[in-house]
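Student: Okay, here's the prediction I keep looking at, along with the sequence it came from:
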Amino acid sequence: MRSIPWLRKAAFFLSCALLLAACGDEARRIGQAEEAVSAFHLALAEADFAGIWHDAAPALRAQETEAAFLARLQPRATLGRLLGSERTSAQAEGERITLRYQRFHAQG
């Protein structure tokens, strides 16, 4: 079968456009996740553990009770004020965005 050059070029450019759109969507979703992390760090610094629980995704709340979640976060209050954080990695898989940070606290 004879190849049609313009069709191959069109398929190539369509593939590139789809790839760029997917990367742009991933960058947007990672940006939204970073905003959520900032809000989480602020609530953590204010020891608003109940607020964190109530704003959490249903999937997280389905994994453990509010009491267990609050008990797990409570010791973090002893770390003191958050001095800064640095993102060490970002990964997008389907609907899940995973961001990893190294955090620096006044007492830990």
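Tutor: Yep, that arrived. Because the structure is predicted, anything quoted here is derived from the model rather than measured.

Student: tell me the SS of the residue nearest the centre of the chain?
Tutor: Geometric centre of the chain, nearest residue: residue 33, 3.6 Å, by Cα atoms, centre = their mean. Assigned with DSSP: H, G, I helix; E, B strand; the rest coil, residue 33 falls in the helix class.

Student: Report the contact partners of it.
Tutor: By Cβ atoms under 8 Å, 6 or more residues apart in numbering, the residues touching residue 33 are 90, 97, 99. Backbone N, C-alpha and C define where each C-beta goes, glycine included.

Student: what's the burial count for residue 52?
Tutor: Using other Cβ atoms under 10 Å, the number of residues around residue 52 comes to 19.

Student: And residue 39, by the same measure?
Tutor: 13.

Student: List the contacts of it.
Tutor: Contacts of residue 39 by Cβ under 8 Å, 6+ apart are residue 55.

Student: Then the one 5 residues further on?
Tutor: Each residue near residue 44 by Cβ under 8 Å, 6+ apart is listed here: 52, 73, 76, 82.

Student: Among the contacts of residue 33, name the buried ones.
Tutor: Using 16 or more other Cβ atoms under 10 Å as the burial test, those include 90, 97 as buried.

Student: on that earlier part again, with secondary structure and distance to residue 67 as added columns, please give the contacts of residue 44 in CSV.
Tutor: Below are the contacts of residue 44 laid out as CSV (DSSP: H, G, I helix; E, B strand; the rest coil; distance: Cβ to Cβ, whole Å):
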residue, secondary structure, distance to residue 67
52, helix, 14
73, helix, 11
76, helix, 16
82, strand, 25
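
Student: Are any of the residues you listed buried, and if so which?
Tutor: 52, 73, 76.

Student: least confident pick among those residues?
Tutor: Of all those, residue 76 carries the smallest pLDDT score, 78.

Student: which non-adjacent residue is nearest that one?
Tutor: Nearest residue to residue 76 in three dimensions, chain neighbours excluded: residue 44, at 6.3 Å (Cβ to Cβ, 6 or more residues apart in numbering).
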